[in-house]
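**Student:** what's the 3D shape of this:
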Amino acid sequence: MFITPAARKAHLKLGKFGENTAVELLKYKGYCILARNFRLKSGELDIVALDGLTIVFIEVKTLRQIPGYTPACNLSLRQMRRNRATGRLYLTLFGIPENRHRYDLIEITVARNNPRKLVNIVHHLDIFPCK
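**Tutor:** Numbering: from 1, shown residues only. Sure, this is the predicted structure:
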């Protein structure tokens, strides 16, 4: 499937909007943002934040509103594995104990005809075990 440059640009813009919205939510909740788009060979972490003494690796999924479909539907098993591997490397790199982290998901839904109009935001805590 070929994606046009304009479609790719719109997709990236939507993702950036979602991540910015997620950061604002996290700051409102009192989280300290440590990194955004943290990249290693194993993958990328959208947001790394501190919630009290816990390091939180946050995946952000943004989607235009589609009935019966949520942004979480776009989180694949492969991506979860990559996030977990990258999170482990992050902990090792910065000498953070294994028992002080979790993985969250923030779902951002925007209006179908207006990608700047927020319809819903859901913050899921601890989306998968830290094994």
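
**Student:** and Asn20, which of the three is it?
**Tutor:** Of the three states, Asn20 takes helix according to DSSP: H, G, I helix; E, B strand; the rest coil.

**Student:** that one and Tyr90, how far apart?
**Tutor:** According to C-beta to C-beta, to the nearest Å, Asn20 and Tyr90 sit 22 Å apart. C-betas here are computed from N, CA, C, even on glycine.

**Student:** please identify which of the two sits among more neighbours.
**Tutor:** Set side by side, Asn20 and Tyr90 show more neighbours around Tyr90, with 20 against 14, by other C-beta atoms under 10 Å.

**Student:** what sits against the closest residue in space to Val119 that isn't next to it in sequence?
**Tutor:** Counting by C-beta to C-beta, 6 or more residues apart in numbering, the nearest residue to Val119 once its immediate chain neighbours are dropped is Thr109, at 4.5 Å. Going by C-beta atoms under 8 Å, 6 or more residues apart in numbering, Thr109 touches Thr62, Leu63, Arg64, Gln65, Thr70, Pro71, Leu118, Val119, Asn120, Ile121.

**Student:** list of residues touching the host helix or strand of the last one?
**Tutor:** Spelled out, that is Ile121. Using DSSP states H and E, Ile121 falls within strand 114-124. Residues from elsewhere that reach strand 114-124 (C-beta under 8 Å, 6+ apart): 10, 13-14, 17, 21-22, 25, 29, 64-65, 72, 104-111.

**Student:** model confidence for the residue nearest to Val119, exactly?
**Tutor:** Looking at Thr109, its pLDDT is 89.

**Student:** now do the contacts for Asp51.
**Tutor:** Contacts of Asp51 by C-beta under 8 Å, 6+ apart are Lys29, Gly30, Tyr31.

**Student:** can you flag which of the contacts of strand 114-124 belong to helices?
**Tutor:** Helix and strand membership here follows DSSP state H; of the contacts of strand 114-124, those in helices are Ala10, Lys13, Leu14, Phe17, Thr21, Ala22, Leu25.
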